[in-house]
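Peer 1: Okay, sequence plus prediction incoming.
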Amino acid sequence: MKSLSLIHGSLSFRPRLVAALGLAALAAISATAQNAAPKQEIEGFTNTSILPGTPWHQHDPNRPQPPVVTPGETFSQMAPAPSDAEVLFDGKDLSKWESTRGQAATWKVQDGYTEVSMPRGNDLRTKGKWSDFQLHVEWATPLNPTEHGQGRGNSGILINNQYEVQVLDSYNDKTYPDGQAGAIYGQMPPLVNATKPPGQWQTYDIIWESPRWNDKGELTQKAYITVLHNGVVIQHRTELIGSTDGIGGGAWRSPSVYKKHDAAVFIELQNHNGNPDRYRNIWIRDLHVAERQ
Ligand code: MG
């Protein structure tokens, strides 16, 4: 920005022709610089299964990158919980959570947030369960990231340890689109990339509809999810193919299939190799959909 203002300043002292030549040269230099910039390798796989209804492989690096959208400044940041919501984390204590290892929640809590803490794989899990819900959660990826792709501030909102809404630093950094921030991991990229820079607080407002099975164990309703990322709709009642690969005991890069479970589900915050993501202001509303039917 500094060099740009110097260029603009110098233009005011020169004839128009020289200015035009200067701009042309600047454009040429800029184009050369862009061409010379190393092209980021996009990680991914093309030896995985084809996702139903698409031409794309699971974790396909060739799937189109969602367009970048700059979100509004604040949207639902620090949104107070509605009267019928249950506050899951108010920035002070983790009493509504437990370790997925069946122990007390031990993530660091300070300055109004909790941070993913070691040991690796030690996710946080809610003690409560809900069938269909509206979830508000705020998160920030680590400042000054050095990694790229899936190693860049990876965490996630896991539902029932079976379905993942990806949390990742996807600001100016690419990965396979069905694994970037706001993706239903391994299934559906976000409609757009509304990611904020690392270290800044971001919001997810998630509407979840649990899958249902009948008494015979037959799937009668698939799961649906709607996600707003920093106030931008990135998943619009997306139908899930099944469970997310690589969590809940399933093999990574295996085809997604539904595995029967109760309609009521818990929520987890993922500890992905100890990437120090932060979370704050988490609340949930039970939609009581079943009672209306
Ligand atoms: Mg993740």
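Peer 2: Yes, it's here.

Peer 1: CA atoms for contacts and neighbours, from now on please.
Peer 2: Noted.

Peer 1: Just the terminal-to-terminal distance for stretch 223-232.
Peer 2: With C-alpha to C-alpha, to the nearest Å as the measure, stretch 223-232 spans 21 Å from end to end.

Peer 1: go on, stretch 229-242?
Peer 2: Terminal residues of stretch 229-242 are spaced 22 Å apart (C-alpha to C-alpha).

Peer 1: what's the answer for stretch 73-84, then?
Peer 2: 27 Å.

Peer 1: Relative to the whole chain's centre, how far out is that stretch?
Peer 2: How far stretch 73-84 lies from its chain's middle: 18 Å, per C-alpha atoms, centre = their mean, to the nearest Å.

Peer 1: Same question for stretch 166-174.
Peer 2: Here the centre of mass of C-alpha atoms in stretch 166-174, compared against the chain's by C-alpha atoms, centre = their mean, lies 8 Å away.

Peer 1: buried residues in it?
Peer 2: In terms of neighbour count (16 or more other C-alpha atoms under 10 Å), stretch 166-174 has its buried residues at 166-171, 174.

Peer 1: Check stretch 247-257 too.
Peer 2: By neighbour count, and taking 16+ other C-alpha under 10 Å as the criterion, the buried residues in stretch 247-257 are 247, 253, 255-256.

Peer 1: ok, residues contacting that stretch?
Peer 2: 48-49, 58-59, 161-163, 186, 241-246 (C-alpha atoms under 8 Å, 6 or more residues apart in numbering).

Peer 1: Closest one to residue 74 out of those residues, please.
Peer 2: Sorting these by how near they are to residue 74, with C-alpha to C-alpha, puts residue 163 at the top with 27.1 Å.

Peer 1: from memory that closest one sits against residue 243, does it?
Peer 2: Yes. In this structure residue 163 lies within contact range of residue 243 using C-alpha atoms under 8 Å: 5.3 Å.

Peer 1: Phi and psi next, for whichever residue of the stretch 1-150 of the chain sits closest to the ion.
Peer 2: When scored by C-alpha to the ion, the stretch 1-150 of the chain has residue 150 as its residue closest to the ion, at 7.9 Å. Main-chain dihedrals, residue 150, degrees, to the nearest 10: phi -70, psi -10.

Peer 1: again with residue 238
Peer 2: According to degrees, to the nearest 10, residue 238 has phi -70, psi 130.

Peer 1: worst-scoring helix or strand of this protein, pLDDT-wise?
Peer 2: helix 2-11 (a mean of 32; mean pLDDT, DSSP states H and E).

Peer 1: what pLDDT does residue 227 get?
Peer 2: pLDDT for residue 227: 98.

Peer 1: cool, and residue 21?
Peer 2: 42.

Peer 1: Please apply the same query to the one 3 residues further on.
Peer 2: As summarised for this prediction, residue 24 has a pLDDT of 45.

Peer 1: now do residue 119
Peer 2: The predicted local distance difference test score for residue 119 is 81.

Peer 1: Kindly report the same for residue 289.
Peer 2: 83.

Peer 1: what sits against it?
Peer 2: For residue 289, the residues meeting the contact criterion (C-alpha under 8 Å, 6+ apart) are residue 132.

Peer 1: Ramachandran angles for it?
Peer 2: phi -60, psi -40.

Peer 1: And residue 64, how far from residue 238?
Peer 2: Computed as C-alpha to C-alpha, the residue 64 to residue 238 distance reads 18 Å.

Peer 1: Which residue of these two possesses the greater neighbour count?
Peer 2: Between residue 64 and residue 238, residue 238 has the larger neighbour count (other C-alpha atoms under 10 Å), namely 17 against 12.

Peer 1: My guess is that one contacts residue 222. True?
Peer 2: No. Counting by C-alpha under 8 Å, no contact exists between residue 238 and residue 222, whose distance comes to 10.1 Å.

Peer 1: which stretches of the chain have low pLDDT?
Peer 2: For the chain, applying pLDDT under 70 flags the ranges 1-40, 293.

Peer 1: residues in contact with residue 93?
Peer 2: When the contact criterion is C-alpha under 8 Å, 6+ apart, the partners of residue 93 are residue 109.

Peer 1: and it, what element?
Peer 2: Assignment of secondary structure by DSSP states H and E places residue 93 within no helix or strand.

Peer 1: so residue 106 sits right up against residue 115, yeah?
Peer 2: No. In this structure, residue 106 is not within contact of residue 115 by C-alpha under 8 Å, at 9.8 Å.
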